[in-house]
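> fold the following and give me the result.
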Amino acid sequence: MSIDTDQRNEIDARFEELLARLPDDTPSRDLVRQAFGIAKRFHADQVRKSGEPYLEHPIAVSNLLVDLNMDAATIAAGLLHDVLEDTDLSFEALSGLFPAPVPALVQGVTKISRIHFDTSRHHQIENLRRIIMAMAKDIRVLIIKLCDRLHNMRTLKPLAPERRIAISQETVDIYAPLANRLGMVRMRTELEDLAMYWLYPEEYQALATAVAKNRRLREQEVQESMEVLRARLAELGHPNIEITGRSKHFYSIFRKMKHTGQSFEEIYDLRALRVFCRSVAQCYEILGQIHSIWTPVPGRIRDYIGMPKPNMYQSLHTTVIGHRGMVTEIQIRTHEMHEVAEYGIAAHWKYKEGKLDQTLDRRLQWLRQLTEWITEVGDPNSLLDALKKDVFADVVLCFTPQGDVIELPADATPIDFAFAIHTKVGERCVGARINRRLATLRTKLKHGDVVEILTSNSGHPSRDWLDVVVTGRAKSKIKHWLKSKEMERWVADGWSALNRILKERNIEVTRAELEAHLDKLKEPFRLQTREDVLAEIGFGSISPQAALSRMNPDWSRARRAARKKARPSRRSEALVIVAGMEELHVRLAACCKPIPGDPIVGFVTRGRGVSVHNVDCPGIARLRTTDDSARLLPARWNVKEPVVSNVYLRIEAYDRAGLLMEVTQEIARQNIFILQCQTRSDKRKNLAVIRIEADVSDLRQVDNVLEGLRNIAGVVRAERSNRLMA
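Residues are numbered from 1 along each chain as shown. Model prediction:
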């Protein structure tokens, strides 16, 4: 599909409109005009899925950057952000055409789609890793990427349904939280609402209908509340106070309904007011005056001016029983605070010789810390989980005794706090005082806690700490310390794990061949040496199954054949002899699932032969008290060679990270094949129940694996069960 003359003229007109929005600064305009010329040249005949010229997209992205008052270099990079990915222009050629930092910004935004990855998830995570590393050098990379994603979300309709859903889910999981982390609330809310339209179409339409149904009434109620409040504040000495209404966006309402179980009619903060003040002092004065006018709702007052949110948001929040008894949320802030609340970091964008001012640089400290450990995360699949905990989760702000603020994710512990201060403090941590009182290292920190870390030269990390910490930084530092001290052990364990699984699958390979295959894992898992790979396997960070799959796909496919060969006949009539009943069909009872070695008894059924039960089967116990007890007959096993049998295992343990991995590793160590695994977690009691269906050869193997499972830290009970899940 080619672009006609009218479309080219329309593109030129749109660019001139963009240029007219820029400050009257000749060098800046010249740079943006040059960028458009290169973009026009290389995207000349490209079209989008919708059929419109591709240049519509970079111009739209640059207009969004102008809305954010970004500098000329960023706007130029917005026009060029796809040339490295979608055209033949190289980074070297781009660097020869434009001054710094334009080429670096374009390269930072560029995806890594030209590199081959095993799975789309791996591709997504590695792309995210690259963006994070680039934005750590220059936060403008992320701002361009967010504008790029916003315009893509606005124009998602022409894509296939599965692509729309995948892109929308990625937007909710990654880009909206990143926008929120930078305080760009307006960007975040639109991204979330656009994603909800495709991810939850029925809920979106239902919510749109509900909002529209009583919109006029709510707008009238909000208008009356504004007039009443404005008049009362004027009487109290605050004339000409600016008050506006605030609407809650769809995804926020949807998320609140889902989280609280409330209906739309029960969401009380749909009616909300914003009060704009001239100064911080006036904000607090107005808060007091509002409470003298309307009754505040207890527990609903939030001071984000005295203690701003990590994303720079500042405001006073209160909920009151307002005009006509309506529950109303009121936000009180200065105009400067409002600008930051809407646009975040872009609101006070100041570059001085290419560097952020010191205030903004401090507020981006979380990003600096993130990059310190992101390069140490070996398994790409663990990166997104770590980001969700460290960056995208709710946060708590704690203080050192000197008053320095330490930002941590919810449920963080003193160990996380210690590693956030410095690696050496974390490694030597032996205890903590929280608000001047001694506390355990497992204590979950709360907003505003003052934490003092107690250290000792003889202190050192423990493997148990991995079950306590929640931040990616702390986990990576603890793992690094443990592996540095016990490297030989982890390497040996890694060899053992690989050799065991190769033997299970009847795969013959020389050590030299295996070493060559191990070298293939260094790049995908971002490790330096073969020993690092083996240590990660031995430590449990990389499963031997995943390692084998990446080494050679044929080895992964050998699993089914190995299992089939290892499983002999299950003909139960050859396994059990029931006295005097040789002519009847004999079957193993499903209620108690006896296996060779169990004490058993036969029961003559009506028309279905003899069913064989464990002697302590509850069903048999009931039969012994009835007239049917005469139909119980002695039975014995007739096992002449190993026979594979089905068994259910039930494990109850205190819930923690890594529990399931340790359970399955112990079962694999016993050379037992897992057929199914189901888990349940009781957050209130902090207990997890794991039920596993497995193949075993005899009772001795079951006893051995149960003993091993009972020795795992935190396991309360490990036993056989008569079914997979209650």
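
> what's the burial count for the closest residue to K49 other than its chain neighbours?
Computed as CB to CB, 6 or more residues apart in numbering, the closest residue to K49 that is not its neighbour in sequence is P158, at 4.0 Å. The way it works is simple: take the backbone N, C-alpha and C, and place the C-beta from them, glycine included. When counting by other CB atoms under 10 Å, one arrives at 12 neighbours for P158.

> just say helix, strand or coil for P158.
With DSSP: H, G, I helix; E, B strand; the rest coil as the basis, P158 sits in coil.

> ok, it to Y175 distance?
If you measure P158 against Y175 using CB to CB, to the nearest Å, the figure is 20 Å.

> next one: T295
Per CB to CB, T295 is found 40 Å from Y175.

> more neighbours: which of those two?
More crowded of T295 and Y175, by other CB under 10 Å: Y175, with 26 against 11.

> now the residue lying closest to the more buried one once chain neighbours are set aside: how far from D71?
Spatial nearest neighbour of Y175, chain neighbours left out: R149 (4.8 Å); criterion: CB to CB, 6+ apart. To D71, R149 is 20 Å away according to CB to CB.

> neighbour count for the two, which is higher?
Taking other CB under 10 Å, R149 and D71 do not tie; R149 has more neighbours (23 against 17).

> still on that earlier bit, so the residue nearest to Y175 sits in a strand?
No: assessed with three-state DSSP, R149 is helix; it does not lie in a strand.

> what sits against it?
By CB atoms under 8 Å, 6 or more residues apart in numbering, R149 lies in contact with T171, Y175, L191.

> list the ones among those residues that fall in helices.
L191 (DSSP state H).

> in JSON lines: the contacts of R149, plus pLDDT.
JSON lines is the format used below for the contacts of R149 (pLDDT from 0 to 100):
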{"residue": "T171", "pLDDT": "90"}
{"residue": "Y175", "pLDDT": "87"}
{"residue": "L191", "pLDDT": "95"}
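
> and the helices in the stretch 451-600 of the chain?
Assigned by DSSP state H, counting those that start in this stretch, the stretch 451-600 of the chain shows helices spanning 472-485, 487-504, 511-519, 530-539, 544-551, 553-566.

> deepest-packed of the ones you listed, please.
Mean neighbour count (mean count of other CB atoms under 10 Å) peaks for helix 530-539 among these, with a mean of 23.

> show me the contact partners of it.
Under the contact criterion CB under 8 Å, 6+ apart, helix 530-539 has outside partners 378-379, 479, 482-483, 487, 489-498, 515, 518-519, 521-522, 525, 527, 542-544, 547.

> A helix includes L649, no?
No: per three-state DSSP, L649 lies outside any helix segment and is strand.

> excluding its backbone neighbours, what's nearest it?
I692 (4.6 Å).

> distance of the one you found from T679?
Applying CB to CB, the value for I692 to T679 is 9 Å.

> neighbour count for the two, which is higher?
Neighbours were counted for I692 and for T679 using other CB under 10 Å; I692 has more, 23 against 15.

> make sure that one is indeed in a helix.
No: counting by three-state DSSP, I692 falls outside a helix, being strand.

> and the pLDDT for it?
Note on I692: pLDDT of 87.

> quick check: the gap between it and I712.
Taking CB to CB, one finds I692 at 13 Å from I712.

> touching both of those two, which residues are there?
Contacts common to I692 and I712, judged by CB under 8 Å, 6+ apart, are V663.

> circling back: residues in contact with the residue nearest to K49?
Applying CB under 8 Å, 6+ apart, the residues contacting P158 are R48, K49, S50, G51.

> likewise for I651?
Contacts for I651 were tallied using CB under 8 Å, 6+ apart; they are V663, V689, I690, R691, I692, L709, V715, R717, A718.

> so it bridges to which residues?
I690, A718 (DSSP bridges).

> and the pLDDT for it?
Looking at I651, its pLDDT stands at 92.

> same deal with R8?
You'll see R8 listed with a pLDDT of 88.

> now swap in G96 and tell me
94.

> could you export stretch 619-632 as CSV, CA atoms only?
Presented in CSV, the C-alpha positions along stretch 619-632 are these (Å, rounded to 0.1, in the frame of the first residue of the first chain):
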residue,chain,number,x,y,z
GLY,A,619,-14.6,-48.0,54.5
ILE,A,620,-13.3,-51.3,55.7
ALA,A,621,-13.6,-50.3,59.3
ARG,A,622,-17.3,-49.5,58.8
LEU,A,623,-17.8,-52.9,57.0
ARG,A,624,-16.4,-54.8,60.0
THR,A,625,-19.4,-53.7,62.1
THR,A,626,-22.0,-54.8,59.6
ASP,A,627,-23.3,-58.2,58.2
ASP,A,628,-21.1,-57.6,55.2
SER,A,629,-18.0,-58.4,57.3
ALA,A,630,-18.3,-62.0,56.1
ARG,A,631,-17.3,-60.8,52.6
LEU,A,632,-13.9,-59.6,53.8
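
> looking at that stretch now, give me its mean pLDDT.
80.

> give me the buried positions along stretch 134-151.
For stretch 134-151, the neighbour count (16 or more other CB atoms under 10 Å) marks 134-136, 138-151 as buried.

> list the contacts of H613.
By CB under 8 Å, 6+ apart, the contact set of H613 is A589, C591, C592, P594, I600, V601, G602, F603, G619, I620.

> out of these, what pair is the most spread apart?
C591 and G602 (14.1 Å; CB to CB).

> the two - which one has more neighbours?
More crowded of C591 and G602, by other CB under 10 Å: G602, with 25 against 14.

> for the more buried one, phi and psi?
As for G602, its main-chain torsions (degrees, to the nearest 10) stand at phi -100, psi 150.

> cool, the one 10 residues further on as well?
Note on V612: backbone dihedrals following degrees, to the nearest 10 are phi -110, psi 130.

> pretty sure it contacts V604?
No: with contact defined as CB atoms under 8 Å, V612 does not reach V604; the gap is 11.1 Å.

> who has more neighbours out of these two?
Just comparing V612 and V604: by other CB under 10 Å the higher neighbour count belongs to V612, 26 against 17.

> contacts only, for that one.
572, 576, 578, 586-589, 594, 600-603, 635.

> adding distance to V509 and pLDDT, write those out as TSV.
Output for those, formatted as TSV (distance: CB to CB, whole Å; pLDDT from 0 to 100):
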residue	distance to V509	pLDDT
S572	38	43
V576	41	82
V578	47	78
V586	43	79
R587	42	81
L588	38	82
A589	43	83
P594	39	86
I600	43	88
V601	48	88
G602	48	87
F603	50	86
A635	45	86
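
> where does this structure have its least confident helix or strand?
strand 351-352 (a mean of 38; mean pLDDT, DSSP states H and E).

> before we move on, the earlier item: columns mean pLDDT on top of the helices of the stretch 451-600 of the chain, output as JSON lines?
Output for the helices of the stretch 451-600 of the chain, formatted as JSON lines (pLDDT from 0 to 100):
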{"stretch": "helix 472-485", "mean pLDDT": "82"}
{"stretch": "helix 487-504", "mean pLDDT": "80"}
{"stretch": "helix 511-519", "mean pLDDT": "85"}
{"stretch": "helix 530-539", "mean pLDDT": "83"}
{"stretch": "helix 544-551", "mean pLDDT": "79"}
{"stretch": "helix 553-566", "mean pLDDT": "54"}
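
> for these, give me a markdown table that also has distance to K248.
Formatted as a markdown table, the helices of the stretch 451-600 of the chain follow (distance: least, CB to CB, whole Å):
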| stretch | distance to K248 |
| --- | --- |
| helix 472-485 | 32 |
| helix 487-504 | 51 |
| helix 511-519 | 54 |
| helix 530-539 | 46 |
| helix 544-551 | 43 |
| helix 553-566 | 49 |
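
> tell me which of those lies nearest to N214.
Short answer: helix 472-485, nearest of the helices of the stretch 451-600 of the chain by CB to CB, at 44.9 Å.
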